[in-house]
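J.: just need the structure, nothing else, for what follows:
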Amino acid sequence: MDSSPLMDSSKVKWLHRRYKTMVKYFNIAVILFTLFSIQLFAKLPEKPKDFLFTQDYAKIIDNKTFREIAQIQKVEFEKNKTPIIVVTINQMKDYVSPPYSIESFTADLFNSWGIGSQEVNTGILFVISVQDRKARIELGEDWGHVWNSYSQEIMDNKIIPNFKLNDYNTGIIEGVKALALMSAAGAYGVPPVKSRLEKFKDFKTRLISENPLAKRYGANHLNIAFWVGLALLIGSFFVDPPLKKKLMIAGLLLIAIVLFLYVVAFIITLFSRGRGFGSAGGFGGGSSGGGGASGGW
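T.: From the prediction side, this is the model:
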């Protein structure tokens, strides 16, 4: 008679332990379901029905740039069988649930659209996510990883500096032009070697993009200020002495300010490199091969 309360108590404890175990496994199941649901219900942009190589969902490409890109894409596809696909979106969360990286998004889009072909798997996908301030170059499987460094150079020197100035059209066209050089060399070719002039141009572009004045007022203002200063300096040699000194001082001061801003930008650049490097890779059944480059601005 005295043992029944004890038996009831031990049964309650056993039921309580079973309940806690069930709750724990239920919570795990909910977490796993949520994680899988993110992928299950992810709706990437559909494969273009018009098969155009440029899909400007974010509406940032002007008509002139669109036509220029189309000409490059046509030449490279007909000559080298390399589709260079350009896609702009407003933000990744319009299509997939966070967390989602630009590398995962671009690789999944590449494979979903089947960029390139199984026979010639050299497709190139260039994605710009405007509000996420992220961009990605994704390469087809035949490119391997040999072209990763070159892709990163394109991202760092041709694309991102212009995007930092909100000049998306220049960044896109410069990026596509550089990708066309890749296409011309071929997946089993050698990455193009830049001339000193090209390196200087890239260096100048990167410096301007890091310059606070250029970001606020536009890159051309720095160039204008430099040439105005130089004009004042040269003009000082052709005027009377009272005005000569004033023009010379004004010209030297303007040139000095521009050069100072370049030096400041150079120092900033030295401490702000390595914006991201990742890997991940047309319409004919191609697939991503894990190569490419990423960048942010």
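J.: lowest-scoring secondary structure element of this structure by mean pLDDT?
T.: helix 212-217 (a mean of 53; mean pLDDT, DSSP states H and E).
J.: mind checking how far the nearest residue to Gln152 once chain neighbours are set aside is from Gln73?
T.: Excluding the flanking residues, the one nearest Gln152 by C-beta to C-beta, 6 or more residues apart in numbering is Ala293, at 4.0 Å. C-beta coordinates here come from the backbone N, C-alpha and C atoms, glycine included. As judged by C-beta to C-beta, to the nearest Å, Ala293 and Gln73 stand 19 Å apart.
J.: neighbour count: these two, which is higher?
T.: Ala293 (27 against 23; other C-beta atoms under 10 Å).
J.: before we move on, what SS does that one have?
T.: strand (DSSP: H, G, I helix; E, B strand; the rest coil).
J.: hang on, it packs against Asn157?
T.: No. If you go by C-beta atoms under 8 Å, Ala293 and Asn157 don't touch, sitting 11.1 Å apart.
J.: the helices in the stretch 101-250 of the chain, which residues?
T.: Ranges of helices in the stretch 101-250 of the chain, per DSSP state H, counting those that start in this stretch, are 102-113, 148-154, 160-164, 168-185, 196-210, 212-217, 219-235, 241-270.
J.: quick one: closest of those helices to Leu44.
T.: helix 102-113 (5.1 Å; C-beta to C-beta).
J.: so where's this structure shaky on pLDDT?
T.: Residue ranges of the chain with pLDDT under 70: 1-9, 11-16, 18-20, 23-27, 29-42, 192-222, 265-287, 290.
J.: domain ranges for it?
T.: What automatic domain parsing lists as the domains of the chain is 1-41, 54-194+279-296, 211-270.
J.: deepest of those, which one?
T.: domain 54-194+279-296 (a mean of 20; mean count of other C-beta atoms under 10 Å).
J.: quote the end-to-end distance of it.
T.: 21 Å (C-alpha to C-alpha, to the nearest Å).
J.: how close does Tyr57 get to Pro45?
T.: Tyr57 is 7 Å from Pro45, by C-beta to C-beta.
J.: overlap of the contact sets of those two?
T.: Taking C-beta atoms under 8 Å, 6 or more residues apart in numbering as the contact rule, Tyr57 and Pro45 both touch Val87, Ile89.
J.: what's the angle from the helix or strand harbouring Ile72 to helix 168-185?
T.: Ile72 is located in helix 63-80, with elements delineated by DSSP states H and E. Counting by axes from the mean of the first three to the mean of the last three C-alpha atoms, to 10 degrees, helix 63-80 lies at 10 degrees to helix 168-185.
J.: that concludes my questions; thank you for your assistance.
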